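Asks: Please work out how this folds:
(2 chains)
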There are 2 protein chains.
Amino acid sequence: MEIEPVAFIENDYTEKFGIPRQSGLVELPSRIVFTEKYADENAVRGLSDFTHIWLIWGFSETDGKFSPTVRPPRLGGNVRMGVFATRSPYRPNPLGLSVVKLERIERGALIVTGADIMNGSPIYDIKPYLPYADSIPNASDGWALSRRGGNLRVTFPEELLVLIPEEKRGGLVELLAQDPRPQYQNDPKRVYTMAFGEFQVSFRIDNEILTVTAIK
Amino acid sequence: MEIEPVAFIENDYTEKFGIPRQSGLVELPSRIVFTEKYADENAVRGLSDFTHIWLIWGFSETDGKFSPTVRPPRLGGNVRMGVFATRSPYRPNPLGLSVVKLERIERGALIVTGADIMNGSPIYDIKPYLPYADSIPNASDGWALSRRGGNLRVTFPEELLVLIPEEKRGGLVELLAQDPRPQYQNDPKRVYTMAFGEFQVSFRIDNEILTVTAIK
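Replies: Numbers count the residues shown, from 1 in each chain, chains lettered A, B, ... in the order given. The predicted model follows:
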């Protein structure tokens, strides 16, 4: 089946490194901009009654080859799991699934928070989140639960923090606290650099404390 | 983007009429049968640790034309809502999204319950349900909440019930209790006939009581 984008996402996740590993973990805003064909305000009539929406979207960085197993970063990168037991981008049809918070509707666009999607990715469908069907709080997390993400303390020197627009500071700190490192790396001397919109954010991580060292 | 089925679903929902309106409402079993290319037991390694899985699937009965609004049956069929504010099959890319309970894994197939998907529909992706990201119990239901489905009393004469395989009786009663009628119909004399696997189930509905009248 041939599917076509109904929208594209715009946000500060300008490269893969550092994007939150699932939706809802970091409250940074994204803009879902409809393509010309679907930028019809009637197509979102009634959507503002919902607080959350599903996005079915396309992973942009995949190689197109099928491997039945993948190595989830959450398991340290050296345990192989079946692709259908993971949310890995390397899957037969590279479709992502994320629930995001709908903040507001603008002309031809939706403003959402909590996306885990790279800037520029195509959105193939938008659906309302229906808690009576979609919310299963007591479902088993499988192997994902105990590895669901870091919770680092972030040290962000004031003279660097002021370089970031004020409304994005809290979100950037949340993003860094997630621990962007591959699970298997732990070198306190290593400096990582993560793209964040127009910025390059450099940091080191030592003993569960992340220290921002430069903003460019 | 071109996507291809990784599996097809097999169940007793042999026609559109009567299929539950969302997943999880009726505990009838379905079989997700992988295509030859993806029937690799390694591709589901680790999946049995999860109790619930997502299916991204294809609506089989759509006309391919885009209309920015649709008339949800839940609103009586004469109120127009934006297509992105509904789970209607008549959407730009006819993709469905359902969470189902994973009962067990067989060779080349998954046995699930709670699907709201017609027999023979293509499955494009299977992902584990991750409650820490996917479950938002306090999300707003929007207009869907108050219309989430019927709760009829079902009268199923014993001599007809025995015609249905024992393990499917409970599920069929649940299915009928959902009220398969279009929301705007209310004619106690009208006899409806719903396909259920190899059976044709006829019934009438009068004053919130559904009475099965024939099984063929």
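
Asks: from here on, contacts and neighbour counts on C-alpha atoms
Replies: Will do.

Asks: Domain map for chain A?
Replies: A:7-134, A:149-215 (automatic domain parsing).

Asks: Quick check: mean pLDDT of the strand ranked longest in chain A?
Replies: When every strand of chain A is counted residue by residue (DSSP state E), the longest turns out to be strand A:95-106. The average of the pLDDT scores along strand A:95-106 is 96.

Asks: Can you tell me the strand partners of it and which way each runs?
Replies: strand A:52-58 (antiparallel), strand A:109-113 (antiparallel) (DSSP bridges).

Asks: Highest mean neighbour count out of these?
Replies: strand A:52-58 (a mean of 22; mean count of other C-alpha atoms under 10 Å in any protein chain shown).

Asks: for whichever helix or strand comes after it, the distance to its chain's centre please.
Replies: Beyond strand A:52-58 in the direction of the C-terminus, DSSP states H and E gives the next helix or strand as strand A:69-70. Using C-alpha atoms, centre = their mean, to the nearest Å, the distance from the centre of strand A:69-70 to the centre of the chain it belongs to is 21 Å.

Asks: any residues touching the helix or strand that strand A:69-70 is followed by, and which ones?
Replies: Once strand A:69-70 ends, the next helix or strand along the chain (criterion: DSSP H and E) is strand A:81-82. Outside strand A:81-82, the residues that touch it by C-alpha atoms under 8 Å, 6 or more residues apart in numbering or on different chains are A:68-72, B:42-47.

Asks: Now flag whichever of those residues is closest to A:Y129.
Replies: Distances from A:Y129 to these, taken as C-alpha to C-alpha, are shortest for B:L47 (24.1 Å).

Asks: List the residues that contact that closest one.
Replies: The neighbours of B:L47, taking C-alpha under 8 Å, 6+ apart as the test, are A:82, A:84-85, A:142, B:128.

Asks: Now neighbour count too, for these, in CSV please.
Replies: Formatted as CSV, the entries for those read as follows, by neighbours: other C-alpha atoms under 10 Å in any protein chain shown:
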residue, neighbour count
A:G82, 22
A:F84, 24
A:A85, 27
A:G142, 18
B:P128, 26
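
Asks: on that earlier part again, most tightly packed of the domains of chain A?
Replies: Among the domains of chain A, domain A:7-134 has the highest mean neighbour count (mean count of other C-alpha under 10 Å), at a mean of 20.

Asks: can you give me the end-to-end distance of it?
Replies: In terms of C-alpha to C-alpha, to the nearest Å, the two terminal residues of domain A:7-134 are separated by 23 Å.

Asks: Tell me where chain A is predicted with low confidence.
Replies: A:61-64, A:143-150, A:184 (pLDDT under 70).

Asks: residue boundaries of the helices in it?
Replies: A:131-134, A:158-161, A:166-177 (DSSP state H).

Asks: which one of these lies closest to chain B?
Replies: Go through those one by one with C-alpha to the nearest C-alpha and the one that ends up closest to chain B is helix A:131-134, at 5.6 Å.

Asks: That closest one close to chain B?
Replies: Yes: contact of helix A:131-134 with chain B is found when judged by C-alpha under 8 Å from any C-alpha of the partner chain, involving A:131-134.

Asks: quick one: that helix to chain centroid distance?
Replies: 22 Å.

Asks: Against which helices or strands is that helix packed?
Replies: Here helix A:131-134 is seen to pack against strand B:95-106 when contacts are counted using 3 or more C-alpha pairs under 8 Å, 6 or more residues apart in numbering or on different chains; DSSP states H and E.

Asks: Please name the nearest non-neighbouring residue to A:A177.
Replies: For A:A177, ignoring the flanking residues on the chain, the nearest one in space by C-alpha to C-alpha, 6 or more residues apart in numbering or on different chains is A:L152 at 4.5 Å.

Asks: So the one you found sits against A:D206, correct?
Replies: No: checked against C-alpha atoms under 8 Å, the pair A:L152 and A:D206 is beyond contact range at 9.7 Å.

Asks: Please report how far the residue nearest to the spatial centre of chain A lies from A:I9.
Replies: With distances taken as C-alpha atoms, centre = their mean, A:D116 lies nearest the centre of chain A, 1.2 Å away. Using C-alpha to C-alpha, we find A:D116 at a distance of 11 Å from A:I9.

Asks: same thing with A:L130?
Replies: For A:L130, the distance to A:I9 (C-alpha to C-alpha) stands at 22 Å.

Asks: Find the residue closest to A:G197 in space, skipping its chain neighbours.
Replies: Setting aside the residues directly before and after it, A:G197 is nearest to A:D12 in space (C-alpha to C-alpha, 6+ apart), at 3.8 Å.

Asks: got a list of what the residue in chain A sticking out farthest from the centre touches?
Replies: Taking C-alpha atoms, centre = their mean, the residue of chain A most remote from its mean C-alpha position is A:N42, at 28.1 Å. Residues near A:N42 by C-alpha under 8 Å, 6+ apart: B:68-69, B:81-82.

Asks: Which two of those have the greatest separation?
Replies: When those are compared pair by pair using C-alpha to C-alpha, the maximum separation belongs to B:P68 and B:M81, at 8.4 Å.

Asks: Need the residues touching each of those two.
Replies: In contact with both B:P68 and B:M81: A:42-44, using C-alpha under 8 Å, 6+ apart.

Asks: Now, those residues that are in strands?
Replies: Among the shared contacts of B:P68 and B:M81, no member falls in strands (DSSP E).

Asks: Give the single residue among these positioned nearest to A:E198.
Replies: Of all the shared contacts of B:P68 and B:M81, the one with the least separation from A:E198 (C-alpha to C-alpha) is A:V44, at 30.6 Å.

Asks: Could you find the closest non-adjacent residue to that closest one?
Replies: With C-alpha to C-alpha, 6+ apart as the measure, B:G82 is the residue that lies nearest to A:V44, at 4.5 Å, once sequence neighbours are left out.

Asks: what do you get for A:F34?
Replies: A:A7 (3.9 Å).

Asks: List the residues that contact that neighbour.
Replies: With C-alpha under 8 Å, 6+ apart as the criterion, the residues that contact A:A7 are A:32-35, A:38, A:122-124.

Asks: Among the residues you listed, which one sits closest to chain B?
Replies: A:Y124 (6.7 Å).

Asks: distance of the closest residue in space to A:N138 that isn't next to it in sequence from B:L97?
Replies: The spatially closest residue to A:N138, leaving aside those adjacent along the chain, is B:P131, at 7.2 Å (C-alpha to C-alpha, 6+ apart). Relative to B:L97, B:P131 is positioned 16 Å away (criterion: C-alpha to C-alpha).

Asks: got it, and A:F196?
Replies: Relative to B:L97, A:F196 is positioned 31 Å away (criterion: C-alpha to C-alpha).

Asks: All set now, cheers.
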